[in-house]
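# From the sequence below, what's the structure:
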Amino acid sequence: MDDGTIRTSRGDFGCDAESLLRILRILRAPGGCPWDRAQTRRTLTRSLAGECAEVIDAIDADTPEEICEELGDLLMNALFQVVIAEEKHEFTMTDVWRSINEKMVRRHAHIFGDANADTPEEVAALWAKIKEREHAGAAKPESRLDKVPRSLSALTRSAELQKQAAKVGFDWPDASGAAAKVREEVRELEDALASGDEEHIDEELGDLIFAAVNLARLRRRATAEELTRAAARKFEMRFREVEKQVAASGRPWEDFSLAELDGFWNAAKRKRISDPPEK
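Take a look at the predicted model:
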């Protein structure tokens, strides 16, 4: 159209990344959606963390339909950033594909090259060496900890800071050392609680959480984020059972003593309410 406005019908779109890019371009064009046209790189980051969290929730719930939907929402947010970059003449989707494809091939030299790596640990070590070579010409940060994004969640950022320190040998040799540190932090927290110094209590509680993250990292199983999510799900499912018991009684919450509510909680534990439903 002469005014640059783009119009189309609902049936004009396919089922691939280019189709979604086309939709987003239409929404951003003159005459498009006012909300979409008002978005910037920075405003889109407000929903990015939420979209990632919803993908993780769907994966934790093991519901393929929701995983599919939430991945779509996450991809939409990522491709929206590409469309904004196109408008600024910075890069295109082709540039994004080229960059990630080249990186995947380059960093999997044990598959696409002549390097050797037979275990996940060897692959991780190879990956780190390749990344180091890639960044060899870049200006060195003041600290290796500068590599860790501040926008990560507190638990994930704690683990990443610990990993960076571990690369130069500042680490426990195994999980037993980290477990001993957790016990030490518990004792220090108990001393702080006895003192009544609220700021000191806050500090020691934070140290305990950080030490627990370190223990999770050194066990090399679930991350602190994953373990905390699992604990939160367990609490949620058991508390929902307590709610059911209170509702079934016909009595208001305030009529129950803590001991009675704890009885409902223990009954939920015995029923293994924390277990996910079988598929």
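# Run a quick neighbour tally on residue 264.
20 (other Cβ atoms under 10 Å). Backbone N, C-alpha and C define where each C-beta goes, glycine included.
# separation between it and residue 272?
15 Å (Cβ to Cβ, to the nearest Å).
# And residue 126, by the same measure?
Taken as Cβ to Cβ, the span from residue 126 to residue 272 is 42 Å.
# who has more neighbours, the two?
Counting neighbours by other Cβ under 10 Å for residue 126 and for residue 272 shows that residue 126 has the greater number, 18 against 9.
# Excluding covalently adjacent residues, which one is nearest to the more buried one?
For residue 126, ignoring the flanking residues on the chain, the nearest one in space by Cβ to Cβ, 6 or more residues apart in numbering is residue 117 at 4.8 Å.
# Same check on residue 123?
Closest to residue 123 by Cβ to Cβ, 6+ apart is residue 117, at 4.5 Å.
# isn't that neighbour right up against residue 107?
No: under the criterion of Cβ atoms under 8 Å, residue 117 is not in contact with residue 107, lying 10.9 Å apart.
# The two - which one has more neighbours?
residue 107 (19 against 16).
# pretty sure that one is touching residue 128, no?
No: in this structure, residue 107 is not within contact of residue 128 by Cβ under 8 Å, at 9.8 Å.
# and residue 127, what are its phi and psi?
Dihedral angles phi and psi of residue 127 (degrees, to the nearest 10) take the values phi -60, psi -40.
# ok, now which ones touch the closest residue to it other than its chain neighbours?
Among residues not flanking residue 127 along the chain, residue 107 sits closest, at 5.5 Å (Cβ to Cβ, 6+ apart). If you count contacts by Cβ atoms under 8 Å, 6 or more residues apart in numbering, residue 107 has them with 127, 130-131.
# any idea where the helices of the protein begin and end?
For the chain, the helices defined by DSSP state H cover 17-28, 34-38, 41-61, 64-87, 93-107, 109-112, 120-134, 154-166, 175-195, 198-219, 224-249, 258-270.
# Tell me the pLDDT of residue 276.
As predicted, residue 276 sits at a pLDDT of 49.
# Likewise for residue 121?
89.
# Tell me how many other residues surround it.
The burial count for residue 121: 10, using other Cβ under 10 Å.
# how far away is residue 262 from residue 234?
Residue 262 sits 16 Å away from residue 234, going by Cβ to Cβ.
# So between these two, which is more surrounded?
Just comparing residue 262 and residue 234: by other Cβ under 10 Å the higher neighbour count belongs to residue 234, 15 against 12.
# show me the contacts for residue 200.
Each residue near residue 200 by Cβ under 8 Å, 6+ apart is listed here: residue 192.
# What separation do you get for it and residue 185?
Distance from residue 200 to residue 185, by Cβ to Cβ: 13 Å.
# Could you do residue 195 as well?
15 Å.
# out of those two, which sits in the busier spot?
Neighbour tally, residue 195 and residue 185, criterion other Cβ under 10 Å: the higher count belongs to residue 185, 19 against 11.
# quick one, what contacts that one?
With Cβ under 8 Å, 6+ apart, residue 185 has these contacts: 204, 207-208, 211.
# So the protein: which segments form each domain?
Listed by automatic domain parsing, the domain ranges of the chain are 10-105, 151-221, 226-270.
# Of the ones you listed, which is nearest residue 121?
domain 151-221 (8.9 Å; Cβ to Cβ).
# so how far is the closest one off the chain centroid?
Centre-to-centre, domain 151-221 and its host chain are 20 Å apart (Cα atoms, centre = their mean, to the nearest Å).
# model confidence over it, on average?
For domain 151-221, the per-residue pLDDT averages 95.
# end-to-end on it?
Counting by Cα to Cα, to the nearest Å, you get 24 Å between the two ends of domain 151-221.
# One more: stretch 168-176?
Using Cα to Cα, one end of stretch 168-176 lies 20 Å from the other.
# Any buried residues in that stretch, and which?
Neighbour-count burial for stretch 168-176, counted by 16 or more other Cβ atoms under 10 Å, picks out 171-172, 175.
# so how many other residues sit close to residue 268?
Neighbour number of residue 268 under other Cβ under 10 Å is 20.
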